[in-house]
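[1] Here is my input; please provide its structure:
(one chain, ligands or ions: 2)
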Amino acid sequence: MRQSRHVGKTLREVPKDTQTAAHALMLRAGYIRQLSAGVYTYLPLLHRTLNKISQIVREEMAAAGSEELLMPALQSQELWVESGRWERYTAVDGIMFAFKDRRGSTACLGPTHEEVVTDILRQEIKSYKDLPRNVFQIQTKFRDEIRPRFGLMRAREFIMKDAYSFDPDEAGLEAAYEAMRLAYHRICRRIGFQYRAVEADSGAIGGSGSQEFMVLADTGEDVILFCDRCDFAANQEQASSRLEEFPQDAEMRPMEAALGEGLIGVEPLAKFLEIPVWKTTKTLLYDSGGQMVAVMVRGDCDVNEVKVANHLGGAPLRLAAPERIREMTGAEVGYAGPIGLPAGVRILADRYVDGRVNFECGANRTNYHNINVNFGRDLPRPEFGDFKLARQGDQCPRCAGRLQAARGIEVGHIFKLGTKYSEAMSCRYLDAQGQSRPVIMGCYGIGVSRMAAACIEQNHDDRGIIWPPQIAPYHVHLIGLNLEDPVVREGAESIYQRLQQERIEVLFDDRPLRAGEKFSDADLIGLPARITVSKRTLEKGQVEFKRRAEGQAVQVGLDEAIERIRQMCAASTDS
Ligand code: ATP
Ligand code: MG
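    Ligands and ions are numbered 1, 2, ... in the order given. Model prediction:
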């Protein structure tokens with residue numbers, strides 16, 4: 001492609017409101033243009049990269065036995081009502097773009113395709129002989145994200161690969177899930193990500209398993225925890241951990257209310273009361289779809305809201321508003337405790353709250369704290385569970401190792417759905433005995449456009465993008481200098497022809513610009529190799545060859561440069 005005809009100019013200025021390198025570089029290097037919040041045009045360079053990522057995904061899906069189809073993005077309300085997700089996706093979460101069509105029916109733009117695919121496959125599957133099945137598509141998805149940000153990372157319109165498996169039994173699902181898990185590892189390796197597969201929250205569906213593929217990056221929105229000794233790794237939302245437990249008092253002391261004015265934070269409170277922080281208790285009040293809930297965690301912990309929400313059946317969990325807290329506790333915010341709350345409030349406690357003798361908790365009275373509290377004597381034992389947020393430094397749930405933390409970008413998610421959709425939407429089959437059974441499903445997503453952004457986030461320097469060859473828009477940036485000289489023009493043109501004949505993907509900078517501008521654009525755009533042609537190189541019968549990832553340019557013959565590009569491409573597809 002000639003750069004003189006190319007759509008997607010580079011920008012000198014760093015665009016405003018860009019918090020990640022990938023977002024800023026994609027805008028500056030002419031890969032994307034924003035149309036509205038979270039909605040982007042994929043300009044030609046990015047389009048090529050997205051096609052290459054899609055191609056890798058397609059190859060690995062095919063190798064894993066999945067068959068490609070393309071479902072409508074325009075969906076109707078009925079299927080979502082049938083699956084029971086309409087309310088959640090519209091009124092509750094508001095993630096779905098829904099509208100009336102001219103016939104008065106309610107339509108929506110697909111945020112995901114469990115409903116549509118289940119509808120297709122239930123027409124297809126009659127008996128066990130029609131199983132297993134596995135289909136995927138690469139398609140634009142629509143989600144009205146509350147906070148679209150970081151460019152393609154969290155967009156409102158984005159490209160996803162979604163695959164769905166249909167099996168007669170758990171063993172079939174296990175095999176389908178395993179095949180996808182391995183395919184996801186191959187995809188991440190082929191793109192060259194530094195990544196980690198982690199255990200993920202399987203949500204209120206209570207599915208039997210789920211893993212996320214996390215690209216490691218400081219700007220990632222997720223926190224992952226992994227053990228420094230064993231292979232345990234999980235999304236923080238999902239992770240459990242063990243905490244140190246301490247020797248307890250031999251005897252219960254009488255409970256009393258201690259005055260601790262304005263002491264809301266656990267550290268100053270513990271100091272004031274002369275007790276260790278682990279003896280204090282945080283009690284947070286939540287609204288879970290109208291039900292008020294108090295959640296207790298040890299003072300040195302925080303609440304894992306995802307786990308609490310799942311425990312309560314999946315309704316969205318919101319911290320109670322200050323006025324509601326005052327109403328329920330009769331005190332200012334910061335003094336909530338489990339004793340004396342209104343009767344309807346459900347009380348949950350993390351299991352590390354238990355086993356303590358003479359602990360502290362809020363007294364539901366401004367400035368007061370109950371001390372020497374004991375379950376069973378001063379209040380009934382609440383509902384215990386794993387409700388604390390696991391953190392870096394905690395003990396691994398599986399071994400004696402310690403948990404480390406890193407930030408990650410979720411690029412893929414595989415999920416055992418079980419029978420949620422097949423039961424709700426009656427996708428059933430007759431087994432060998434003629435008995436009707438629900439099909440067992442799995443779903444497997446990859447953020448194709450998010451992967452492009454994640455790759456830039458991991459591969460850039462202060463001058464621009466550094467594409468790995470396998471997904472670079474072009475392999476080589478051919479830079480012609482002093483093209484106003486007809487001899488140089490002719491030489492550069494013939495090298496451009498030759499590269500194309502050799503099937504090397506080349507972007508030819510044939511613009512009448514100064515060398516400095518061309519080089520800085522080349523660094524910004526980040527193609528893996530650069531070939532420069534000028535009067536000087538032509539006189540020597542050579543070109544200047546440089547890898548974007550390396551500092552040093554070398555003078556070589558054109559054949560040698562072509563050979564180096566071939567080697568570079570071959571090395572990148574070896575993995
Ligand atoms: P997140 O937790 O980041 O909101 P999700 O868990 O809702 O994502 P899935 O439903 O698992 O997303 O979608 C599959 C994949 O699609 C994700 O792993 C991610 O790579 C991609 N994806 C999801 N939402 C977006 C978005 N708003 N913009 C770009 N890619 C997205
Ligand atoms: Mg996900």
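[2] next one: phi and psi at residue 478?
    The phi and psi values for residue 478, taken as degrees, to the nearest 10, are phi -90, psi 120.
[3] From residue 1, how far out is it?
    10 Å (CB to CB, to the nearest Å). Using the backbone N, CA and C atoms, a C-beta is placed for each residue, glycine as well.
[4] and the gap between the residue lying closest to residue 254 once chain neighbours are set aside and residue 98?
    Among residues not flanking residue 254 along the chain, residue 372 sits closest, at 6.2 Å (CB to CB, 6 or more residues apart in numbering). Distance, residue 372 to residue 98, using CB to CB: 55 Å.
[5] go on, residue 333?
    For residue 333 relative to residue 98 (CB to CB), the value is 36 Å.
[6] what do you get for residue 483?
    Distance of residue 483 to residue 98, given as CB to CB: 54 Å.
[7] Who has more neighbours out of those two?
    residue 483 (21 against 17; other CB atoms under 10 Å).
[8] Phi, psi for that one please.
    Per degrees, to the nearest 10, the backbone of residue 483 is at phi -70, psi -10.
[9] can you pull out the strands in the stretch 451-575 of the chain?
    Taking DSSP state E, counting those that start in this stretch, the strands of the stretch 451-575 of the chain run over residues 460-461, 464-465, 476-480, 506-509, 529-533, 543-547, 553-556.
[10] Please name the bridge partners of residue 215.
    Beta-bridge pairing for residue 215 (DSSP bridges): residue 195, residue 409.
[11] What pLDDT is listed against it?
    Here, the pLDDT recorded for residue 215 equals 98.
[12] Tell me who's in contact with it.
    188, 193-195, 408-409, 411, 451, 454-455, 457-458 (CB atoms under 8 Å, 6 or more residues apart in numbering).
[13] The residues you listed, buried ones only, as a ChimeraX selection?
    Typed into ChimeraX, the line below selects the buried ones among those, using 16 or more other CB atoms under 10 Å:
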select :188,193,195,408,409,411,451,454,455,457,458
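[14] hey, what's the residue nearest to residue 561 when sequence neighbours are not counted bridged with?
    Counting by CB to CB, 6+ apart, residue 561 lies nearest to residue 545, which is 4.5 Å off, once chain neighbours are set aside. Beta-bridge partners for residue 545, by DSSP bridges, are residue 531, residue 554.
[15] which ones are touching residue 545?
    Residue 545 touches 529-531, 553-556, 560-561, 564, counting by CB under 8 Å, 6+ apart.
[16] change it to 7 Å
    Residue 545 makes contact with 529, 531, 553-554, 556, 561, 564 under the criterion CB atoms under 7 Å, 6 or more residues apart in numbering.
[17] ok, of these, which one's closest to ligand 1?
    Nearest to ligand 1 among the contacts of residue 545, counting by CB to the nearest ligand atom, is residue 529 at 29.2 Å.
[18] was I right about the closest one contacting residue 547?
    Yes - using CB atoms under 7 Å, residue 529 is in contact with residue 547, at 5.7 Å.
[19] Have a look at the two and say which one is more surrounded.
    residue 529 (25 against 17).
[20] mind checking pLDDT for that one?
    98.
[21] mind checking how far it is from residue 49?
    As judged by CB to CB, residue 529 and residue 49 stand 16 Å apart.
[22] Please apply the same query to residue 493.
    Here the criterion is CB to CB. By it, residue 493 lies 27 Å from residue 49.
[23] Next: residue 127.
    43 Å.
[24] Counting neighbours, go ahead and name the busier of those two.
    residue 49 (23 against 13).
[25] any weak-confidence spans in this structure?
    Scanning the chain for pLDDT under 70 picks out the ranges 203-208, 575.
[26] At the contact with ligand 1, which residues of it appear?
    112, 143, 145, 154-155, 158, 160, 410-413, 445, 447, 449-450 (CB under 6 Å from any ligand atom).
[27] re earlier: looking at the contacts of residue 545, which has the most residues close by?
    residue 531 (28 neighbours).
[28] I'd guessed that residue sits against residue 475; true?
    No - counting by CB under 7 Å, residue 475 is not a contact partner of residue 531; they are 10.1 Å apart.
[29] got the contact list for the residue in the chain positioned nearest to ligand 1?
    Closest contact between the chain and ligand 1, by CB to the nearest ligand atom, is at residue 447 (2.3 Å). Counting by CB under 7 Å, 6+ apart, residue 447 touches 158, 160, 411.
[30] so which of the residues you listed comes closest to residue 76?
    Closest approach to residue 76 among the contacts of residue 447 (CB to CB): residue 160, at 20.1 Å.
[31] Skipping adjacent residues, who's closest to that closest one in space?
    Leaving aside its chain neighbours, residue 160 sits nearest to residue 141 (4.6 Å; criterion: CB to CB, 6+ apart).
[32] ok, now residue 340?
    residue 364 (4.9 Å).
[33] helix/strand/coil for the closest residue to residue 94 other than its chain neighbours?
    Nearest non-adjacent residue to residue 94, counting by CB to CB, 6+ apart: residue 144, 6.2 Å away. What DSSP: H, G, I helix; E, B strand; the rest coil gives for residue 144 is coil.
[34] what's the answer for residue 71, then?
    Following three-state DSSP, residue 71 is assigned to coil.
[35] Could you report the neighbour count for it?
    18.
[36] re earlier: what sits against the residue nearest to residue 94?
    94-97, 156.
[37] Drop anything exposed from those.
    Members of the contacts of residue 144 classed as buried by 16+ other CB under 10 Å are 95-97, 156.
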